[in-house]
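Q: With the sequence up front, the predicted model follows.
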Amino acid sequence: MRHKFEKKTAKAAEGRWIKKALFGGAALGLAMSLGMPSAIADNGNAYAYGNDDFDTITPFNRVARLPVVRDEYGEVDHKATYAKVQAAALALADYVARYKDADVLGANVIKGVDWVLGGTSGTCRQTRTCTDAEISQAIIEIPSPYPIDPNDPTYLATGTVTAANTKKASVLDFCNEHYAKQALGVSPIVGDKKVVNGYSHTPALPCEVSIWNDDEHIYVDMLDPNAIFSLFFTDVLFSADMSDPAFAEAITDLPPQVKAEIQAVVLHAMNEFDDKTKVVDKQLGPKYKSMDEVIDVVATSPYQSPYLHVGYTKVNGAAFTPAESLAVTQAIINTMSVNNTPTAGSHPTVFNGASLDSILSPGSSWRSARATPLTLPGSNHVIEACSPKYAKMAMGTGMHHVTALPCEITVQIIDQDSNGSPETLAISYLDPHFMLNALFADISEEEKLAFASVPGAIMDDLQKIVRAALEVNLGSIVLNDGVQISYNMLP
């Protein structure tokens, strides 16, 4: 009877929270998070956001907390707790992959199109007929510098964290076709108005959720859509379309709705997994207390943008086909190597007279988290690049940062000259300098000093891998040198 009572109580609390988040939070909307937009005439084109009523935002948000596993003496069982983390991640992945949200949570709770699990097959996403193997493989495991079991004999004797004793955080990609189409400018926000420069925001998607543990709790965290939209979509916030009240209302309602839906999904799945799950709504990471602070972090980044976009054209001047765009993406993945394969982290390609491995940063061991790309609406292909070396460095600053990993590269073909033909292959990177300054701003000054050279090394590595793929491993497609594509992200 006690078990049933606890489960009923947890579900009642979950239901109350869902209603509050969806209907109370969405009513306030992002307008409170950003400060209400005030259209300031500047030749009819520029609009500024004030700081009045700006509600503090952070890139990361804690959604739930689960208890660790303890032995008969009340001590933490580290191995069993880590196994529970893996099981919780699998339970969440299984729910997102196999169940339709409206069927489980009700049409009044989840709106729009159901959430699906990134990294699964098209059949799984479309029909919810998924294999256990593909659901398990869709979970990305990000390594940390910490041991699973601090009492492991090898760790106690040498202080070395072996591969078998390396604690990892589980990361899931949540995807929703309806919201992705709006965010990427594939579908209108309202009327016929779409997000400006839609494809350019692809590296900021999909929505990521992490599960990890320390000696006190197991945590379920997410990238906060309110903060991500504020930091990565500033060109939309200051676009001329914001002078349209209907557009402004619709675009500012979008992030809090996305956040509330993801929270509802997580809470349902975790309560099903463990009825002692606690509802949490906690801000994590650097705090942004005004729109001026958001503008400042964008303005002081190397490209005055969260992104670096590079455009390539064919030597023969021909347009790209969708099949070629996908082939380019796969060539980059193959050149980078694929995680959980015998050759992961090895790069035998000879580039500019030297092996690619010899010109990448020492010990970086880059690989793609997935054997194939995530493809978002609009044929935007996403590569999730990971270096165990840099991942461990990032995780050492606090494991709540894990949803800022891995490094994302995206590929898309665009009609840059507006002649009706996609003549440009656009490859976009999340700029590591921006990521460090914007999402890791809460680390100590000593850590910032230690990380000073890391963003440049990461960007250099990723660009070398991409150029090697384009120049050596692309087959018959011959490209001109890449040219940077810039979009104004500031007012």
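A: Right, received. Where do you want to start? Numbering: from 1, shown residues only.

Q: chain center to the strand of greatest length in the chain: distance?
A: Longest strand in the chain by number of residues (criterion: DSSP state E): strand 166-175. Centre-to-centre, strand 166-175 and its host chain are 11 Å apart (CA atoms, centre = their mean, to the nearest Å).

Q: again, but for stretch 54-72
A: Mean-position distance between stretch 54-72 and its chain equals 18 Å (CA atoms, centre = their mean).

Q: how about that stretch: buried residues?
A: The neighbour-count check on stretch 54-72 (16 or more other CB atoms under 10 Å) flags 54, 57-66, 68-69 as buried. Any C-beta I mention is one placed from the backbone N, CA and C, and that applies to glycine too.

Q: hmm, back to that, strand partners of the longest strand of the chain, parallel vs antiparallel please.
A: Looking at strand 166-175 with DSSP bridges, its partner strands are strand 116-117 (antiparallel), strand 140-147 (antiparallel), strand 207-213 (antiparallel).

Q: which parts of the last one are buried?
A: Neighbour-count burial for strand 207-213, with 16+ other CB under 10 Å as criterion, is recorded at Cys207, Glu208, Val209, Ser210, Ile211, Trp212, Asn213.

Q: which residues touch the third one?
A: Residues in contact with Val209 (CB atoms under 8 Å, 6 or more residues apart in numbering) are Val63, Leu92, Val171, Leu172, Phe174, Val220, Asp221, Met222, Leu223, Ile262, Val266, Thr403.

Q: So among the residues you listed, which ones count as buried?
A: Applying 16+ other CB under 10 Å to these flags Val63, Leu92, Val171, Leu172, Phe174, Val220, Asp221, Met222, Leu223, Ile262, Val266, Thr403 as buried.

Q: So which of those residues belong to strands?
A: Val63, Val171, Leu172, Phe174, Val220, Asp221, Met222, Leu223.

Q: Farthest pair within these?
A: Within those, Val63 and Val171 form the most distant pair, 13.8 Å apart (CB to CB).

Q: Can you pull out the low-pLDDT segments for this protein?
A: Judged by pLDDT under 70, the chain has its weakly predicted residues at 1-53.

Q: any idea how far the residue nearest to the spatial centre of it lies from Glu408?
A: Taking CA atoms, centre = their mean, the centroid of the chain lies closest to Glu208, which sits 4.6 Å from it. Distance of Glu208 to Glu408, given as CB to CB, to the nearest Å: 10 Å.

Q: swap in Ile485?
A: 17 Å.

Q: more neighbours, those two?
A: Shown here are Ile485 and Glu408; by other CB atoms under 10 Å, Glu408 has more neighbours (22 against 18).

Q: ok so that one is a strand residue?
A: Yes. Applying DSSP: H, G, I helix; E, B strand; the rest coil, one finds Glu408 inside a strand.

Q: Can you spell out which residues form a bridge with it?
A: Glu384.

Q: which residues touch it?
A: Glu408 neighbours (CB under 8 Å, 6+ apart): Pro203, Val382, Ile383, Glu384, Ala385, Tyr429, Leu430.

Q: Scan the residues you listed and report the most crowded one.
A: Top of these by neighbour count (other CB under 10 Å): Ile383, with 27 neighbours.

Q: The nearest residue to that one once chain neighbours are set aside: how many residues sit nearby?
A: Leaving out its chain neighbours, the residue that sits closest to Ile383 by CB to CB, 6 or more residues apart in numbering is Ile409, at 4.4 Å. Ile409 has 27 neighbours, counted by other CB under 10 Å.

Q: Tell me the spacing between Ile409 and Asn437.
A: Distance, Ile409 to Asn437, using CB to CB: 20 Å.

Q: got it, and Arg62?
A: Arg62 is 23 Å from Asn437, where distance means CB to CB.

Q: Which parts of the stretch 351-491 of the chain are strands?
A: 354-355, 367-368, 374-376, 380-386, 407-414, 424-430, 483-485 (DSSP state E, counting those that start in this stretch).

Q: what angle do the fourth one and strand 424-430 make?
A: Per axes from the mean of the first three to the mean of the last three CA atoms, to 10 degrees, the angle that strand 380-386 makes with strand 424-430 is 40 degrees.

Q: Export strand 380-386 to CSV, keeping only CA atoms.
A: This file holds the C-alpha atoms of strand 380-386, laid out as CSV (Å, rounded to 0.1, in the frame of the first residue of the first chain):
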residue,chain,number,x,y,z
ASN,A,380,19.6,20.1,-42.3
HIS,A,381,22.2,17.4,-41.5
VAL,A,382,23.8,17.5,-38.0
ILE,A,383,27.1,15.9,-37.1
GLU,A,384,27.8,15.5,-33.4
ALA,A,385,31.6,15.6,-33.0
CYS,A,386,33.2,14.4,-29.8
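
Q: Sweet, I'm off.
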